[in-house]
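>>> Please find the sequence and the predicted model below.
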Amino acid sequence: MTLEKPLTKDIPADGRALDLGGYERVGGYQALRKALRDMTPQKVQEEVKNSGLRGRGGAGFSTGLKWSFTPMGADAPRPKYVIANADEMEPGTFKDRHLMEGNPHQLIEGLILTAYANQADIAYIFIRGEYKFSEERLARAVTEAYAAGYLGKNILGSGYGLEMYLHVSAGRYMCGEETGLLNALEGKRANPRAKPPFPQVSGLWGKPTIVNNVETLANVPHIINHGAAWFQSLSHTKDAGTKLYGASGKVKRPGLWELPMGTTMREILEEHAGGMREGLEFRGALPGGASTDFLVPQHLDVPMDFTEVQQAGSRLGTGTMVVLDDKTCPVGMVSNLIHFFAQESCGWCTPCWSGLNWAKQILKALEDGEGKSGDLEKLEFQAKFWAPGHTFCALAPGAAEPLQSALKYFRDDFERHIQDQCCAFQRR
Amino acid sequence: MGTIYVDGKPYEADAKQNLLHACLSLGFDLPYFCWHAALGSVGACRQCAVKEFKDEKDTKGKLVMACMTPAKEETRISIHDPEAVAFRAAIVEGMMLNHPHDCPVCDVGGECHLQDMTVMTGHDYRRTRFEKRTFRNQYLGPFLYHEMNRCIQCYRCVRFYREYAGGNDLNAFGIKNTVYFGRSEDGVLENEFAGNLVEICPTGVFTDKTLRRHYTRKWDLRMAPAICGHCGAGCNITIGERYGLLRRVLTRFNSEVNGYFLCDRGRYGYEFVNSEYRIRAARLDGQPIPADGAAQKLKSLVSGGKAIGIGSPRASLEANFALRTLVGKDRFFAGVADDQWQVITAMVRILQTGPARSASLHDIELSDAVLILGEDVTNSSPRMALNLRQAVRQQPFEIAGKLHIPLWMDDAVREAVQGVKGPLFIAAPGPTRLDDVATKTYRAAPEDVARLGFAVAHEVDPAAPEVLDLPSELRDLVRIIAGALKSAKRPVVISGPSCRTESVIQCAANVAKALCDTGRPAALGFIAPECNSFGLALIEARPLSEAFQVAEDGDSETLIILENDLYRRIPHEFVDGFLGAVKHVIVLDHLSNDTTARAELLLPAGTFAESDGTLISSEGRAQRFFPVFAQQTDVRESWRWLGDPTWSTLDDLLAALAQALPQLAPAVKAAPSSKFRMAGAKIPREPHRYSGLTSITANISVVEPKPPDDPDSALAFSMEGTPDQPPGALQPFFWSPGWNSIQAVNKFQNEIGDEIRGGDPGVRLFESLQSGAYFTTIPAAFARREAEWLVVPIEHIFGSEELSLRAPAVAELAPAPYLAVNAGDAASLHMEEPGGEVEIDLGSIKHRLPLKIVRELPGGIAGIPAGLTPARGAELPAWCRISKAP
């Protein structure tokens, strides 16, 4: 059976972007035509809900359920907004970039469909500042879409209208957090907002707002074209669809592959990434970006979907794994990650701005050969201190995941740093 | 109300509130930082974590932030749960990682919320060995000292400064553990309420720079409840003294008046009490004389029966009444220029007959539509401006309500509401500091402001007189304003004396009456120009010009001037003539000024910090203040110098006052009498930790002296007494076990943020009688003149008020004299370029002033700063010739 790769099959192999003509030739904007012609917004919502699509930004929340909280009907506050979260800043993650650089119209069509389903008036693409190629290609694609009548007033004569704007982020990890993004878009500090109220109720400029990840949105045209049942059938497991999986680290062929949801880590590593480089052993991986718990060799056969990875003690996250080998210091790796998170804390809630910096200092001391007994207990305490609900948003709980799992699986390495007063990997 | 369970026990709690509010109201010690009763919840600091359980069976529970969790029916929480306890300690630990631990040299040491919370959570051991971050501090002006290293990133400062007080030059910069709270560059903080940061900051980042010059710990302060005397708002303050110096002013919470906040004039004006210009001994013909001799001299000068008295709007009821009694009620005159007196008495008459309820500051804060007539409130009654900034949030709260966002969820409410503001209209001669929150502004001459008001009244109620020849563009504005007021649930009309025009007052009364008569519960917020203007009016003084007549007729030999610099009130040539027409001039005051310089007999009067007395605020609230200084020099209360020999205490005077002036009888009850006792003892002014104790004079004698007596109040100059809560009017300071900072006020309220237990201090004298007729005299429209300008006074929070101007920190921010016109008028003076000077004929003198171009001023109107030369003593508004200075 040939694997279906709806998201990536049309991306030109030569590194160029699919332009409007190319996209239309492979069936682009047919889903939009179909929805506007044959489907009510409620029907689009229903189809997406039935498809079982779960958010690809990392949290895995049901997309259809998210949309169902949008106030609909004549009494709904206006304008309503939909936003593509293209602020891909999770360390080790580069999947959305691939989709935007290769097939920008796919995202735009998904965003228009999402807007239609939620009867939104204005759409934003909030894109990471460093993604210059994506920005240029999306800007061109938006212009093309306007010219072709897919955007603006009265789209394809349907009576439905949508304005779309591309907003380039000034650049902070926090801007990728749903509500931090809203504040950034409003020109404020990119601090997260309290939930409730959820953005669907009071979002951008206080109006109903849907924020979805790029990969999530890219799935929507295909679900509308082929239906919920087809989407379910793409997957190996209960979580529907395909998934862009990636691998970075010292594997033979680091990269990105669209595979059925639920493909095992072993298959991704061994078949697609070509296994570890010569002379290196697999020690573990962060399965879905920097803010997920380490999985180790015993987990290689875990199907990579939201449900199964969670049962294994981690999270699917963005599905792009960062691989740790046996010649790389896990303490150094975690130190690097925590440094990143400490740096990117918005400074709002105490466990995050204070605790992350302390953990960063301790980890650096370990690496510098200045570890002291009691340091590991402090790190463990901090990781618990940053638990979900203890902090204002998910940044610090995310940071806790690689730290707590490294302490669990690689504790010997940490202890040796203190005993030997040096990093054994650096000495070599 | 509903039932919540705290550590297994049921309690009644307000379901509309959050759990932190509920727990504090119930008296639990739950630590917090970012939350503030006036600012609401944002969930930043994570300090108030408690364990919440789903139901009775849930034993695991999960941590929630009390401030972010509704106190809804059947909520089950534990404060003492070990995980919650450990978490709260860890939060303080996290904050203390970078805190400099410099309590011994920190100005808030001993009254620091961070210290209190650290002790409360039990965090006591430093587990980190790494370096702390270091910031550079900024110069922020004469009021605040900045020490950023102490910061714990609670965000209260910027939330208060920007969102509550409307400032924009203080902000949070940067991220992670190095968020910087300051200005983009060094400079004076622009907002008039910046001083509140002293109390808003839970630690020592923003501290009182004036206190720093004469520093004393809270536990070494003798404190007393007082009333701010720097405008008519009547804000409640706590004043602190040590070794003969007044050290500082803090907010004394009163939910009906100033709540948790003061303006910077009120907080920093106090230093006049310590001024080198204080009159500390009696003088006869310029030579010091003993107090007994001075009293004797006063008696002999008055005994001829031909004395007249000039009262004062900045002296207490008691002082004014004592003078009135001494000279006789027909020989007692208002110490205010006639035109101003007319405006003041008009306001009092209107409030007495009452077309509408006299608005408290709290009422104003809750108003959902506002019309301001003739006032730049921030500069004329500053604290009220802070209330008005909250009033514009009232109507938009409905947006949050529809989204089911509780109003205490501050950030969420602000996100939902965005920039939407409720209706607030300002009609005034010039720009005002509330223009940024105004729906519409109308800049016009005083008579045109009045005409607008009259027209609005007519639009609301056709029975009110009509303004016939109103321009059509103004008619639209009138309709918009009337529409907004009519559709409001709690509209308020604000006016006051700044225009010095009675018709502006009358039109405000008409609008309020029109709203009330057509079934809308409007309130009327009048602004008294000085702290006891309304009290003086209620004492029934005769106009000042009639005193001149009496003196000119030779019907008076002795003139007694009470706490009043007449040269500030009326043109100097009139004062000179008046003082020259009598044989003897007796002046009672506390600071030397042009009037005291003319005194034959000068008596040292106590300031508010050395006196008992009662003031009537703008609201018509009688409030008592008490001395913080025990009498040590010849300085004494004016009423004691002047008082009837049969009055041995303040209570005797008040009894006489109630009898002589029944309209003021309720004012007697502004505070308990001197006989009041708690557990058989007086209320101590000194905290239990007062370290001077009674050994403070041990260098002179080791024998403990008897504490100074205070026959006039139930307060004692002592640290001995019951720790129980006294009545609000007698509350010398807020302090409670474990709560050493100003946050201790939590322990003195029934419900957090609501009234002081036992009732807020003060007695309202005016209640609406829903009576009185419409005013019908509508002034003619303003017509500009050729080569002449109508010069109006422009109020300045720092500079226009007499006593605060004698405080160095406030004086530093007073404007240099100027004359303001709009650009077109400047061009007509051939002065398009900035930096030029003009000449103005005001009174009999030509003054030279720098020209300031103020875009918003109407043509034909010029403004000069009120209270400063040349406006000082001038009769304004006045038509003046202005020309380019040669």
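Looks like it came in fine.

>>> Please give the number of neighbouring residues around the residue in chain A that chain B sits nearest to.
Among all residues of chain A, A:Ser354 sits closest to chain B, at 3.3 Å; criterion: Cβ to the nearest Cβ. C-betas here are computed from N, CA, C, even on glycine. Using other Cβ atoms under 10 Å in any protein chain shown, A:Ser354 has 29 neighbouring residues.

>>> Surely it and B:Leu97 touch.
Yes: A:Ser354 is within contact range of B:Leu97, at 5.7 Å (criterion: Cβ atoms under 8 Å).

>>> between the two, what contacts are shared?
Taking Cβ atoms under 8 Å, 6 or more residues apart in numbering or on different chains as the criterion, A:Ser354 and B:Leu97 both touch B:Asn177.

>>> ok so, going back, tell me who's in contact with the residue of chain A closest to chain B.
Contacts for A:Ser354 (Cβ under 8 Å, 6+ apart) come out as B:94-95, B:97-98, B:177.

>>> what do you get for A:Glu370?
Contacts for A:Glu370 were tallied using Cβ under 8 Å, 6+ apart; they are A:Gln421.

>>> Likewise for B:Leu849?
B:817-819, B:837-840, B:864, B:870.

>>> how about the residues of chain A that lie near chain B?
A:172, A:174, A:189, A:193-194, A:196-197, A:201-202, A:205-206, A:342-351, A:353-358, A:361, A:365, A:372, A:374, A:378, A:381, A:385, A:387, A:389-392 (Cβ under 8 Å from any Cβ of the partner chain).

>>> which of those residues are buried?
In those, burial by neighbour count holds for A:172, A:174, A:189, A:193-194, A:197, A:201-202, A:205-206, A:342, A:344-351, A:353-358, A:361, A:365, A:378, A:381, A:385, A:387, A:390-392, counting by 16 or more other Cβ atoms under 10 Å in any protein chain shown.

>>> Restricted to helices, list those residues.
Applying DSSP state H to those, the entries found in helices are A:342, A:344, A:350, A:356-358, A:361, A:365, A:378, A:381, A:385.

>>> Any chance of TSV for these, columns pLDDT?
As requested, these are arranged in TSV below (pLDDT from 0 to 100):
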residue	pLDDT
A:Ala342	98
A:Glu344	97
A:Thr350	97
A:Leu356	98
A:Asn357	98
A:Trp358	98
A:Gln361	98
A:Ala365	97
A:Lys378	97
A:Phe381	96
A:Phe385	96
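
>>> Shouldn't A:Asn336 be within a helix?
Yes: secondary structure of A:Asn336 (DSSP: H, G, I helix; E, B strand; the rest coil): part of a helix.

>>> Number of residues surrounding it?
Neighbour count for A:Asn336, taken as other Cβ under 10 Å: 17.

>>> Ok, A:Asp14 next?
Number of residues near A:Asp14 (other Cβ under 10 Å) recorded here: 5.

>>> Break chain B into its domains for me.
Following automatic domain parsing, chain B resolves into domains at B:2-96, B:282-335+B:541-644+B:653-660, B:342-533, B:788-884.

>>> Break down the stretch 101-250 of chain A into its helices, ranges please.
For the stretch 101-250 of chain A, the helices defined by DSSP state H, counting those that start in this stretch occupy A:104-117, A:132-147, A:178-185, A:214-226, A:228-233.

>>> for the last one, which positions count as buried?
Translated: helix A:228-233. A:228, A:230-232.

>>> likewise stretch A:388-406?
Residues of stretch A:388-406 classed as buried: A:390-406 (neighbour count, 16+ other Cβ under 10 Å).

>>> Just the closest residue of the stretch 201-350 of chain B to chain A, please.
Nearest to chain A, among the residues of the stretch 201-350 of chain B, is B:Pro202, at 12.5 Å (Cβ to the nearest Cβ).

>>> Is A:Val286 in contact with A:Pro402, as I believe?
For residue A:286 the amino acid is Leu, not Val. Yes: counting by Cβ under 8 Å, A:Leu286 touches A:Pro402, with 5.8 Å between them.

>>> Quickly list what's touching both of these two.
Both A:Leu286 and A:Pro402 are contacted by A:292-294, under the criterion Cβ under 8 Å, 6+ apart.

>>> hey, what's B:Lys884 bridged with?
With DSSP bridges applied, B:Lys884 shows beta-bridge pairing to B:Val838.

>>> Would you confirm that it contacts B:Glu833?
No: using Cβ under 8 Å, B:Lys884 is not in contact with B:Glu833; the gap is 11.0 Å.

>>> which other residues reach the helix or strand of chain A with the lowest mean pLDDT?
In chain A, no helix or strand scores lower on mean pLDDT, DSSP states H and E than helix A:424-427, which sits at a mean of 78. Identification of contacts with helix A:424-427 by Cβ under 8 Å, 6+ apart yields A:327-329, A:332, A:367, A:413, A:416-417.
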